Structure formats: C-alpha cells, structure tokens
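Engineer: Just to be clear, the model below is a prediction. Sequence and coordinates:
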Amino acid sequence: MSAKPLRKAVLPVAGLGTRFLPATKSMPKEMMTVVDRPLIQYAVDEARAAGIEQFCMVSGRGKTALIDHFDVSYELEATLKERGKTEALAQLQQDRLQPGSITTVRQQEPLGLGHAIWCARTFIGDEPFAILLPDDLVLSKTPCMAQLAQAYKETEGSVVAVVEVPRDQTNRYGILKIGEDDGRLVEVTGLVEKPKPDVAPSNLSIIGRYVLMPEVIEHLSRMERGAGNEVQLTDAMAKLIGHSPFHGLRFEGERFDCGDKVGFLEAQIAFSLARPDLAGDVRRFLKKYT
C-alpha cells in the first residue's frame, strides 16, 4: 500500500521568546530575521519545497504579525510597482501563499510541544503531517523537509531529523534508541526525552523537523505529563514505535539553533556567506574581528 501524500505542516509558534528579550517584547521571535528573511518564512519555504500545501500555525496572544506577514500588502505592492521596484515586488509575490492555505489555532496554555501539536488535531485529521520548529534553521542544498519527505515515501512511516550531540548534552534533547543503521536511515526502537548522559541510549538527537503519522494525536489526547511536567511530543511518538515504521534521518546540511543567541548569530554569518550577493563583503568585514 502506497503512503498517503504529505500535504500538511504544523508550525508551533506560541512561545514567548524570553531568551531574546527585549527584542521579543512586542515582536514574535519567529519574525526575527536571518539576513533578510524572518524565521517563519524560512520554515514555510522549506515546507513548500517538500510539496506541502497546507499550513497550521499553533499560536498565542500577540502573534498576529505572523499571519500578517503572509497576507497581501496592497499598499506596499502598489508603492513598489509605482517606484519600479520590480525585483522586490516579485519577491513578495513569490512568497505569497495560496488563499485558504494557512490557518491558525490558539494554544491557550503553555503545556509543552505535545500539547501544541494536539491543538492542531482538527487540521491534521487522518493524514500524515510535518512539524517544523522555526527556531531550528537548516542550511542545505536540498531543503531538510524535502529530505524527510523522501524518506517518508521510502519507509511509509514516521521520520524525524537527527543529529549527533555531545554525550554530556543528552539531557537537553529527545534521544533515540536505535536498531538497524545504514548511515543515513536509522531504525528507531525507542525514544527518551532529555535522558541523563549516563543512561542515554545513544547520542542521536531529534531536531525540529518531523513527519508523523496521525495516530500520534490519540496518544497526545491523554494529556500525560512527562519531563518538565509538560505534555511531551517525544513520549507520544514513542508509543507509535512497533505499530508502524519509525526512522531517524541523518540529513544533509547544517542545523542552527536560532532559539539561542550564539546559534542565531552563527546562522546570520553562515546564511550570509551562502549568498553570492553578500559573501564577498561579509568575508571582508569578518577579517576586522578575527
């Protein structure tokens, strides 16, 4: 039986962004820009490159700027057209989503990532779905979600993007217990949320890119609390194992944690150097500080 097409993506964006205060006092952290594009735009672009057509933002109070960003700005576009700014106008039109392709739901209480995904249960329905955490930014030749979508077609089951982390940092991440490993795809035999280094089953960590089967919602609906007294997505995913294929993908590319100040600054440099129009100037000014 062939797998259902991957058409939907959930983007959890309800966080307060406290690590970036005061910048995020009146602006969603997902609107912070790496070079000249906000984090939310990178996430949506990556999903679109994987063939995803429908988007659900799990949002909170004060986050309307995220929806406004994908709306049509008639005044701005008219001004750009009048002034002959054709390149900027074309970019705005290229970034535009199809009418009706984006929706939002509210996560009214900060009860964890698992709870945020459960809030999108009506949107998800009975289809496989992607999750993209905008804080995680991946620089790669083939977009990370496109790589996951391909792995989903191959395995017809859940797939998560994974990276190796230092053993002494396993207590910060969801960690895989692994079976067969061909160097690219790793069979997942278990998942542990934030294990202590001495009991961690591996050092393979999940990053903020997932393709999951809709059955995970049934497990999330029980509202079982895990690490941090939150509803953990990792715990619900673990209950899928053994009932359908579940793999980790060692993706091609470099991941940047843009929820961290140093990771955010590193992403600025890496993405600037990947731009032919900026790379030369960036290399020149970096020499001043090294």
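Structural biologist: In hand now; what should we look at?

Engineer: And the helices in the stretch 101-250 of the chain, which stretches?
Structural biologist: 113-119, 121-124, 144-155, 216-220, 233-238 (DSSP state H, counting those that start in this stretch).

Engineer: Output the ones you listed as TSV; include the columns mean neighbour count.
Structural biologist: (Each C-beta comes from the backbone N, C-alpha and C, glycine too.) Output for the helices of the stretch 101-250 of the chain, formatted as TSV (neighbours: other Cβ atoms under 10 Å):
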stretch	mean neighbour count
helix 113-119	24
helix 121-124	16
helix 144-155	21
helix 216-220	20
helix 233-238	24
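
Engineer: and the ones you listed, which one's lowest on average pLDDT?
Structural biologist: Between these, the lowest average pLDDT goes to helix 233-238, which shows a mean of 90.

Engineer: Number of residues surrounding residue 213?
Structural biologist: Neighbourhood size, residue 213 [other Cβ atoms under 10 Å]: 22.

Engineer: now do residue 271
Structural biologist: Using other Cβ under 10 Å: residue 271 sits among 19 other residues.

Engineer: Also the one 5 residues further on?
Structural biologist: As a burial measure, residue 276 scores 7 neighbours (other Cβ under 10 Å).

Engineer: again, but for residue 26
Structural biologist: Residue 26: 8 neighbours (other Cβ under 10 Å).

Engineer: Tell me, what's the model's pLDDT at it?
Structural biologist: Residue 26 is given a pLDDT of 86.

Engineer: Repeat that for residue 2.
Structural biologist: For residue 2, the model assigns a pLDDT of 69.

Engineer: what does residue 172 give?
Structural biologist: Residue 172 is assigned 83 on the pLDDT scale.

Engineer: again with residue 66
Structural biologist: 89.

Engineer: Now do it against residue 238, distance only.
Structural biologist: Look at residue 66 and residue 238: by Cβ to Cβ, to the nearest Å, they are 30 Å apart.
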